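Trainee: Here is my input, please return the structure:
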Amino acid sequence: MTAWQSRLCAQIDQINDSLIEFRRSLHRNPEVSGEEFQTSLTLYQILGDLGLSVRMGPDGRGVIADLDTFDQEGSSVIALRGDIDALPIHDCKDVPYCSQKEGIMHACGHDAHTTVVLGAAQALQQLARNGELPWPIRARFIFQPAEEICTGARDMIKAGALEDVSAIIATHMEPGLPFGKVGFRKGELTASCEEIWIKIHGSSGHGARPYEANDPIAAAAQLINTLYLALPRVTQTHEAVVASFGQIHGGASPNVIPETVELQGTLRTLLPQTRLDTIRHIHRIADGIAMATQTQIEVKFDLGTDAVRNDSNLIDLLKENCVEFMGMPSVHEIPRASMGGEDFAFYLDHVPGAMIRLGCATPGTSNWPMLHSTNFDIDERVLAFGANLLARSTVAALEPGSRWQDQLLTPRSPTHHDSPLD
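Mentor: Prediction:
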């Protein structure tokens with residue numbers, strides 16, 4: 001371990017207790033997507049007190065903080081992203097830091113993601129003040145709102161979060177791994193996720209005489225069943241597709257066939273072409289059901305987020321620093337992509353990025369509560385560990401003359417999502 005890495009470890013050890021208390025404070029006082037005002041204000045004040053250059057995100061939600069130890073303009077920036085919003089889930093844990101807000105909790109680890117990035121910012125700023133950084137760095141710390149509703153990343157990008165940024169890194173809690181393990185995967189890490197909205201127009205009638213009506217409920221039942229059965233049969237077996245419906249609305253009386261039924265669900269895929277092909281299949285199946293049931297079926301898609309596709313060079317950087325810090329046993333190769341969605345993908349439209357998954361279950365504990373569980377929690381040792389890994393990876397990425405300079409800090413042309421088919 002080099003001198004600066006030893007000082008980094010010592011600095012994070014000093015702030016470990018404050019990181020735990022900060023995370024617990026966030027856990028006690030969660031704010032759902034779109035309402036992260038107090039969380040943002042608290043972060044703004046803490047980061048400003050550290051001496052970082054700080055600005056608030058749009059509408060007083062989200063924070064962007066910068067650390068720059070270069071003497072000249074135009075150097076590359078490494079960004080670290082944490083998300084700050086909570087979920088509308090009731091916290092059932094019996095712990096002193098249980099959520100104090102009825103029906104709201106940090107059930108996806110965003111309080112931990114935020115704390116990890118804050119810890120990296122605190123440690124790097126202190127090393128800079130002490131003159132203990134091995135070379136100049138430019139780091140940006142992005143605390144993003146509204147990840148759960150897939151609007152926060154785009155809002156922060158519009159607010160300038162990626163200006164001068166060459167690469168971006170994020171973490172996600174992983175209750176399926178014990179503390180001390182880090183999940184790495186090159187390429188697709190999560191799926192693209194978009195909402196499916198379907199409206200079926202029929203004709204109403206008496207429940208005793210369905211032959212006098214065109215029943216949209218019967219059409220809805222056929223459509224859902226056909227989609228669930230047919231989509232796997234028209235998708236190549238090595239490609240993943242998940243279509244699920246979570247809402248059905250129709251009718252107001254048990255003996256009246258309604259005029260309309262509305263369905264809402266999600267479509268998740270990993271590859272762009274698979275997504276487009278699946279959308280076409282859904283339209284084709286809907287048209288067939290409409291003809292068979294003499295109804296009209298509208299189908300619309302609204303892209304929530306594209307797949308997170310990890311940059312291979314950034315994964316190599318993070319893995320190398322993880323091994324230096326914790327040894328090879330800490331590395332867990334993620335065998336397949338998750339079908340969950342993550343709006344971190346929007347940053348990757350503009351710059352290379354990588355998300356790693358930090359094991360947060362206490363080792364030796366069985367049945368650890370999973371993400372979005374009413375009992376979700378973390379082994380709090382992951383906070384200092386994650387902060388250390390992000391901080392040392394940021395410094396390593398900016399080492400003059402290193403291989404990372406060419407691999408990570410060369411600008412690339414932005415990419416764009418394919419437009420969904422209406």
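Trainee: Give me the pLDDT value at G74.
Mentor: Looking at G74, its pLDDT stands at 65.
Trainee: So which residues of the stretch 251-400 of the chain form helices?
Mentor: Ranges of helices in the stretch 251-400 of the chain, per DSSP state H, counting those that start in this stretch, are 272-293, 312-326, 381-397.
Trainee: got the contact list for the closest residue to C98 other than its chain neighbours?
Mentor: Residue nearest to C98 in three dimensions, not counting chain neighbours: D91, with 5.2 Å by CB to CB, 6 or more residues apart in numbering. Bear in mind the C-beta positions are built from the backbone N, C-alpha and C, glycine included. Going by CB atoms under 8 Å, 6 or more residues apart in numbering, D91 touches C98, S99, I104, M105, A107, T374.
Trainee: Only whichever of those residues are buried, select them in PyMOL.
Mentor: One line in PyMOL is enough to select the buried ones among the contacts of D91; burial here means 16 or more other CB atoms under 10 Å:
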select buried, resi 99+104+105+107
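Trainee: residues contacting I200?
Mentor: 216, 219-220, 223, 250, 260-263, 290, 295-298.
Trainee: if we can go back for a sec, M56 is nearest to which of the helices of the stretch 251-400 of the chain?
Mentor: Closest to M56 of these is helix 381-397 (CB to CB; 22.4 Å).
Trainee: tell me the angle of the closest one relative to helix 312-326?
Mentor: If you take axes from the mean of the first three to the mean of the last three CA atoms, to 10 degrees, helix 381-397 sits at 120 degrees to helix 312-326.
Trainee: Helix 381-397: what's the following helix or strand?
Mentor: Remark: after helix 381-397, the chain's next helix or strand is helix 403-408, criterion DSSP states H and E.
Trainee: Go through that next one and flag the buried ones.
Mentor: Quick answer for helix 403-408 (16+ other CB under 10 Å): W404, Q407, L408.
Trainee: Reformat the contacts of D91 as CSV; add secondary structure, pLDDT and distance to Y228.
Mentor: Below are the contacts of D91 laid out as CSV (DSSP: H, G, I helix; E, B strand; the rest coil; pLDDT from 0 to 100; distance: CB to CB, whole Å):
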residue, secondary structure, pLDDT, distance to Y228
C98, coil, 98, 38
S99, coil, 98, 35
I104, coil, 98, 33
M105, strand, 98, 31
A107, coil, 98, 27
T374, coil, 98, 28
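Trainee: Pick the one among the contacts of D91 closest to V117.
Mentor: A107 (19.1 Å).
Trainee: The closest one: what's it in contact with?
Mentor: A107 sits in contact with A86, L87, I89, D91, L371, H372, S373, T374, F376, where contact means CB under 8 Å, 6+ apart.
Trainee: what about stretch 207-224, how long is it end to end?
Mentor: 22 Å (CA to CA, to the nearest Å).
Trainee: follow-up on the earlier one: let's see which of the contacts of I200 end up in strands.
Mentor: G250, T260, V261, E262, L263, Q296, I297, E298 (DSSP state E).
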